[in-house]
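# kindly generate the corresponding structure for this input.
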Amino acid sequence: QVQLVESGGGLVQAGGSLRLSCAASGRTFSNIHMGWFRQGSGKEREFVAAISWSGTIRSYADSVKGRFTISRDVAKNTVYLQMNSLKPEDTAIYYCAAKGKWNTVSRANEYDDWGQGTQVTVSS
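Numbers count the residues shown, from 1 in each chain. Down below sits the predicted model:
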C-alpha cells in the first residue's frame, strides 16, 4: 500500500497556471504507475493524466492535452501535474492515485491507492 498526499491546489484566474504535487510514501515509489483524476461538483471522477513508473510513458485526457503535463521525481517520491492555460471547466477536486500495472490507466477503479484530493478553482 502507498500513502499519497496532494498539495498545490488553489484559486486562479482563467488562463493562469498551477502545479499540483503528490507525495508518496510506503510502497516503493519507483515500481508504481501514477495517475491524476479530477471530480467536479455533481460530476463523476474523470481521468486527467497518468505516468509510468519509469516516466517514459505518459497518457492524457483529450481535454487537457497541450495544457497539462505530468511528471515524476523518483528521488523525491513525488509526482507533479503542471496545469497551464486553465479554464473554468478545470475546476474540480484533483486526486492522485497509484497502480501496479500499466493498463487501462484511465479507469479509476483500476487504481489501488488514492490521496485525499486538493481543490482547484478557476475563475472566469
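# the strands in the chain, which residues?
2-7, 10-13, 18-26, 33-39, 46-51, 58-60, 68-73, 78-83, 92-99, 113-114, 118-123 (DSSP state E).
# what helices and strands are in contact with the second one?
Contact analysis of strand 10-13 by 3 or more C-beta pairs under 8 Å, 6 or more residues apart in numbering; DSSP states H and E lists strand 118-123 as its packing neighbours. C-beta: built from backbone N, CA, C; applies to glycine.
# any figure for the gap between the spatially most central residue of the chain and residue 76?
Geometric centre of the chain, nearest residue: residue 36, 2.2 Å, by C-alpha atoms, centre = their mean. Noted for residue 36: a distance of 17 Å to residue 76, by C-beta to C-beta, to the nearest Å.
# and for residue 103?
26 Å.
# okay, these two: which has more neighbours?
residue 76 (12 against 9; other C-beta atoms under 10 Å).
# quick one: the closest residue to the more buried one other than its chain neighbours from residue 12, how far?
The shortest distance from residue 76 to any non-neighbouring residue, by C-beta to C-beta, 6 or more residues apart in numbering, is to residue 23 (7.7 Å). As judged by C-beta to C-beta, residue 23 and residue 12 stand 21 Å apart.
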